[in-house]
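*Asks:* Need the 3D shape of this:
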Amino acid sequence: MISITPRVPNISFGQDFPVRWNGGDAAASHVFNALSWLFPSGERFFIDVVRAVAAELSSPLVTSFNHELQAFVVQEAIHSRQHQLYNDSMHRRGFRSVVAKTITRLQQQAHSMHVLSRLAIVCAYEHYTTILGDYLLRRPQLLQQAEPWLALLWQWHAVEELEHKAVCFELYHRAGGGYWRRNLLFLLVSLNFSLLFCRQYWHMLWKDGALRRGQLRHTLWRSMQLAWGREGFGWSLLHHGLAYWHPRYHPERFDSQHLIQQWLASHADSYRPWHHGTAKQPDC
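*Replies:* Predicted coordinates for the structure are as follows:
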């Protein structure tokens with residue numbers, strides 16, 4: 001398994017930034033902005049589930065995995081904190097989450113499930129963040145015209161998602177999770193994730209005025225291009241989403257180590273490793 005190192009990016013959300021921060025392109029900016037609204041509560045849910053599995057299923061196979069689990073928790077806690085600051089900045093500009101109540105309801109429903117089912121849900125979401133992280137790091141041109149510190153935020157997040165991509169999946173199998181539970185809940189997550197993202201994305205475009213007459217046609221074209229153009233993220237989601245169904249699937253078969261090392265080496269001054277006792281861990 002890839003070594004997992006929690007890091008804090010050297011950015012400050014006290015500085016102002018335009019809502020269309022990615023080259024002035026509404027669609028290319030709100031694809032990221034909409035995703036950010038899904039992260040803080042989602043990552044807190046991931047942390048809660050991993051902690052619950054570790055507490056309830058304390059088999060030797062699980063307890064021997066504690067170092068990786070702790071590193072995962074710290075990374076996700078930092079991600080949650082950074083994206084909450086990001087969302088707070090957008091909120092001050094008049095934007096809001098239109099999916100928060102739905103996310104809360106879905107999480108409440110999940111908490112009534114068996115702990116392994118909750119973990120299977122986390123595995124599914126982690127698979128999608130792995131796909132998107134890999135997609136982003138392979139296409140640095142997507143953020144070439146972006147505000148540099150926001151490009152840093154998203155690339156840093158992508159790197160750490162790739163680093164810990166196998167943690168929840170490995171924990172699921174060590175805890176005795178099976179194939180059908182994992183994949184049936186993957187279907188449910190695929191539906192929920194798509195609906196949540198699309199609802200937030202189109203709301204932000206509407207709030208930004210990008211769906212008004214005179215901008216609507218361009219916005220629709222750019223949205224289609226970003227998702228289903230030649231280099232669209234939809235193709236990666238479809239291809240790797242289908243790979244998840246293979247009985248022998250494992251995230252480590254998703255080779256991305258070179259992407260991680262390349263980005264870390266070229267951005268060594270853009271982050272600092274988190275060490276217990278030297279930096280405050282976000283409260284999650």
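*Asks:* rest of the way, CA atoms for contacts and neighbours
*Replies:* Fine.
*Asks:* What's the local residue count around the residue nearest to Ala243 when sequence neighbours are not counted?
*Replies:* Spatial nearest neighbour of Ala243, chain neighbours left out: Tyr249 (6.9 Å); criterion: C-alpha to C-alpha, 6 or more residues apart in numbering. Tyr249 has 13 neighbours, counted by other C-alpha atoms under 10 Å.
*Asks:* residues contacting Trp263?
*Replies:* Counting by C-alpha atoms under 8 Å, 6 or more residues apart in numbering, Trp263 touches 137, 159.
*Asks:* repeat for Phe39
*Replies:* Contact analysis of Phe39 by C-alpha under 8 Å, 6+ apart lists 79-80, 83.
*Asks:* Let me have those in JSON lines, extended by pLDDT, neighbour count and secondary structure.
*Replies:* Shown next, in JSON lines, are the contacts of Phe39 (pLDDT from 0 to 100; neighbours: other C-alpha atoms under 10 Å; DSSP: H, G, I helix; E, B strand; the rest coil):
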{"residue": "His79", "pLDDT": "97", "neighbour count": "26", "secondary structure": "helix"}
{"residue": "Ser80", "pLDDT": "97", "neighbour count": "23", "secondary structure": "helix"}
{"residue": "His83", "pLDDT": "96", "neighbour count": "24", "secondary structure": "helix"}
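*Asks:* ok so, going back, my reading is that the residue nearest to Ala243 lies in a strand. Confirm?
*Replies:* No. Tyr249: not assigned to a strand; according to DSSP: H, G, I helix; E, B strand; the rest coil it is coil.
*Asks:* Could you give the backbone dihedrals for it?
*Replies:* Per-residue torsions, Tyr249: phi -60, psi 140 (degrees, to the nearest 10).
*Asks:* how about Arg212, secondary structure?
*Replies:* Local secondary structure at Arg212 is given as coil here, using three-state DSSP.
*Asks:* For the residue nearest to it when sequence neighbours are not counted, give me the pLDDT.
*Replies:* Leaving aside its sequence neighbours, Arg212 sits nearest to Trp206 (C-alpha to C-alpha, 6+ apart; 7.5 Å). Trp206 carries a pLDDT value of 97.
*Asks:* On the three-state scheme, Trp206 is what?
*Replies:* helix.
*Asks:* Look at it and say how many residues are nearby.
*Replies:* 13.
*Asks:* any idea how far Leu242 is from it?
*Replies:* Separation of Trp206 from Leu242 (C-alpha to C-alpha, to the nearest Å) stands at 32 Å.
*Asks:* Can you read off the backbone torsions of Arg7?
*Replies:* phi -140, psi 160.
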